[in-house]
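J.: need a structure here:
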Amino acid sequence: MITGFTVLTINKAPAQSNSNDSADTASNSDQASTTLYVGNLPYRANESDVKELFAEFGDVFAVRLMKDKRTGKRRGFGFVVVATKDADNVIENLNNNEFDQRTLKVRIANDPKTSGNPNTEEN
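T.: Numbering: from 1, shown residues only. Modelled structure (predicted):
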């Protein structure tokens, strides 16, 4: 038994709502992100090219294009992190559309609905 100690628990009270707080809350919720898989990219496309393309349809936080470890050459696919609020718009506008004479494949990364066999349906 320990004596002489007081445990103090502090719970932060929710902020009172006013016009400034609602603006802060809206900007914080906009920071949620979704990672998109992008396939069939032109091999000569770089991160700047892809970011510029995706930025036409939403906020882009990051672009990562995959490269062959041995040769350093791009492998034709990558991942783009976009604002969650913009993900559907980006997919709708870029999936199955041409970029530099290549038909892009854009979907949510690791989406079980679109990975694996495209002919299977969820129950």
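J.: which parts of the protein are helices?
T.: Shown for the chain, the helices assigned by DSSP state H span residues 19-29, 47-55, 84-94.
J.: can you find the helix or strand in this protein with the smallest mean pLDDT?
T.: Within the chain, confidence by mean pLDDT, DSSP states H and E is lowest for helix 19-29 among all helices and strands, at a mean of 44.
J.: bridging residues for Val38?
T.: Beta bridges link Val38 to Gly78, Val106 when assigned by DSSP bridges.
J.: list the contacts of it.
T.: Applying Cβ atoms under 8 Å, 6 or more residues apart in numbering to Val38 gives the contacts 50, 77-80, 94, 104-106. No exception for glycine: its C-beta is placed from N, CA and C like everyone else's.
J.: ChimeraX command to pick out the buried ones of these?
T.: To isolate the buried ones among these in ChimeraX, judged by 16 or more other Cβ atoms under 10 Å, type:
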select :50,78,80,94,104,106
